[in-house]
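**Q** After the sequence you'll find the predicted model.
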Amino acid sequence: MSSHKGGQRLTVKDEEGGQAEVFCYQDLILPGSFTDWFDPEEKLESIRQFKYREGDILQCSYPKSGNHWLTNLLTLMLSKGSLETATSVNVSLIDFTKPTERLHKKPSPRIITSHLKFERLPEEHIRRGGKVILLVRNPKDVAVSYYYHGNKDRFLRFSLSWRGCLGYFCEGKVPFGSYFDYLNNWQKVLQQRKDLDIHVVYYETLKQQTLLELQRIQKYLGIYNDDDRLNAIIAKCSFSSLKSDVDSGKLRTLLVDKTSQPFIYRKGEIGDWMNHFTVTQNEAFESVIKNKLQGSIFQFQYIPNVPKHQL
Ligand code: A3P
């Protein structure tokens, strides 16, 4: 542990020789590279003071919950033009936009995405009742997706084994901290701030009942696309379509690995955790969930529903 820019750099190590560097700042655990780009105090303050514009949507999620997918869906749902020529978009988290003010140039309606906890979000957006969408994905698939992302992202100093990553994920010593604390923080907000109208979307529901979920989202946002247009949007934002846009270079992304290959569209499934957790790891993880998310209002789906015709 070493002092740095008002916080502490921490390197966690696993038994296989892998390691990950995080930056602990006040209540936050950030990627180790955060301070290469930002002065933490200044950056966090600029996020907090970010000026609200009518129509802004704040899209919040813990990493690996399907942020890119939802942003792409929302972008097209908010667009007016023909979908024929629409291309997919990159996600630029307010947490990493440099400088934060660059988002001022974005045309309305803006989708502002963040992995930060509630108290760190743009204050004016919350005070003026701006729309807030919280995206939630089951923790087992998030942990697996995290492991792959961590090891691919050339900006993260992260090389943990699956076993090491799972252990630190449970302890919350990974960039953006504990998944469980993140959800508990939102639970408190949902229960105590009844004045706020926050819309919760589950990755799994979005995956299995996409049309219904988009209808719910547009009702919340007060926008309308007919079902034909929504179905066309769903097709444009399917996993294979988004993946082919980045793989083919049609959409350039900064999220590439050391060999410049994009990696964000990895598998896009419910239940990939079953290919990674051992029985023992699953039992231990279940008890972490039980312990850390006691009385949680969040309900997780870990296994895909089997379509009726296959029963
Ligand atoms: P996997 O690693 O399990 O494949 P985020 O955007 O928050 O980083 O989340 C990335 C996860 O969302 C990845 O999960 C990615 O494959 C998945 N994802 C992206 N687009 C998707 C889509 N159209 N349908 C389903 N999952 C998608």
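**A** Received the coordinates, thanks.

**Q** So which residues on the stretch 51-200 of the chain come close to the ligand?
**A** Ser61, Pro63, Lys64, Ser65, Gly66, Asn67, His68, Trp69, Asp141, Ser145, Tyr148 (C-beta under 6 Å from any ligand atom). For glycine as for every other residue, the C-beta is placed from the backbone atoms N, C-alpha and C.

**Q** what about 5 Å?
**A** Residues of the stretch 51-200 of the chain found near the ligand (C-beta under 5 Å from any ligand atom) are Lys64, Ser65, Gly66, Asn67, His68, Trp69, Ser145.

**Q** can you redo these as JSON lines with secondary structure and distance to Glu21?
**A** Formatted as JSON lines, those follow (DSSP: H, G, I helix; E, B strand; the rest coil; distance: C-beta to C-beta, whole Å):
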{"residue": "Lys64", "secondary structure": "coil", "distance to Glu21": "19"}
{"residue": "Ser65", "secondary structure": "coil", "distance to Glu21": "23"}
{"residue": "Gly66", "secondary structure": "coil", "distance to Glu21": "26"}
{"residue": "Asn67", "secondary structure": "helix", "distance to Glu21": "22"}
{"residue": "His68", "secondary structure": "helix", "distance to Glu21": "24"}
{"residue": "Trp69", "secondary structure": "helix", "distance to Glu21": "28"}
{"residue": "Ser145", "secondary structure": "helix", "distance to Glu21": "20"}
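
**Q** tell me which residues of stretch 162-173 are tucked away?
**A** Trp162, Gly164, Cys165, Leu166, Gly167, Tyr168, Phe169, Cys170, Gly172, Lys173 (16 or more other C-beta atoms under 10 Å).

**Q** closest to Arg128 among these?
**A** Gly172 (31.5 Å; C-beta to C-beta).

**Q** Not counting residues beside it along the chain, what's closest to the residue of the stretch 201-311 of the chain found nearest the ligand?
**A** At 3.0 Å from the ligand, Gly268 is the closest residue in the stretch 201-311 of the chain, using C-beta to the nearest ligand atom. What sits nearest to Gly268 in space, not counting adjacent residues and going by C-beta to C-beta, 6 or more residues apart in numbering, is Phe239, at 3.7 Å.

**Q** again, but for Arg53
**A** In space, Arg53 is closest to Ser108, 5.8 Å off (C-beta to C-beta, 6+ apart).

**Q** what sits against the one you found?
**A** Arg53, Glu54, Gly55, Asp56 (C-beta atoms under 8 Å, 6 or more residues apart in numbering).

**Q** Quick one: which of those residues is the most crowded by neighbours?
**A** Highest neighbour count within the contacts of Ser108, by other C-beta atoms under 10 Å: Asp56, with 22 neighbours.

**Q** backbone phi and psi for Tyr302, please?
**A** phi -100, psi -20 (degrees, to the nearest 10).

**Q** ok, it touching Pro139?
**A** No. Counting by C-beta atoms under 8 Å, Tyr302 sits too far from Pro139 to count as a contact (9.0 Å).

**Q** The two: who's more crowded?
**A** Pro139 (25 against 14).

**Q** Give me the contacts around stretch 62-69.
**A** 59, 61, 90-91, 93, 113, 115, 135-137, 141-142, 145-146, 149, 175-176, 179, 182-183, 203, 206, 237, 239, 242, 264-265, 268.

**Q** Would you mind listing which of these are buried?
**A** Burial by neighbour count, judged by 16+ other C-beta under 10 Å, picks out 59, 61, 91, 93, 113, 115, 135-137, 141-142, 145-146, 149, 175-176, 179, 182-183, 203, 206, 237, 242, 264-265, 268 from those.

**Q** Please flag which of those residues sit within helices.
**A** Cross-referencing the buried ones among the contacts of stretch 62-69 against helices under DSSP state H gives Asp141, Val142, Ser145, Tyr146, His149, Tyr179, Tyr182, Leu183, Tyr203, Leu206, Leu242.

**Q** Surely the residue nearest to Gly268 and Ile270 touch.
**A** No. Counting by C-beta under 8 Å, Phe239 sits too far from Ile270 to count as a contact (11.8 Å).

**Q** Which pLDDT value belongs to Pro99?
**A** If you check Pro99, the pLDDT there is 90.

**Q** Val12 pairs with what?
**A** Listed by DSSP bridges, the beta-bridge partners for Val12 are Ala20.

**Q** ranges for the strands of this protein?
**A** Secondary structure of the chain by DSSP state E: the strands cover 2-4, 7-13, 19-25, 28-31, 57-61, 111-114, 131-136, 198-202.
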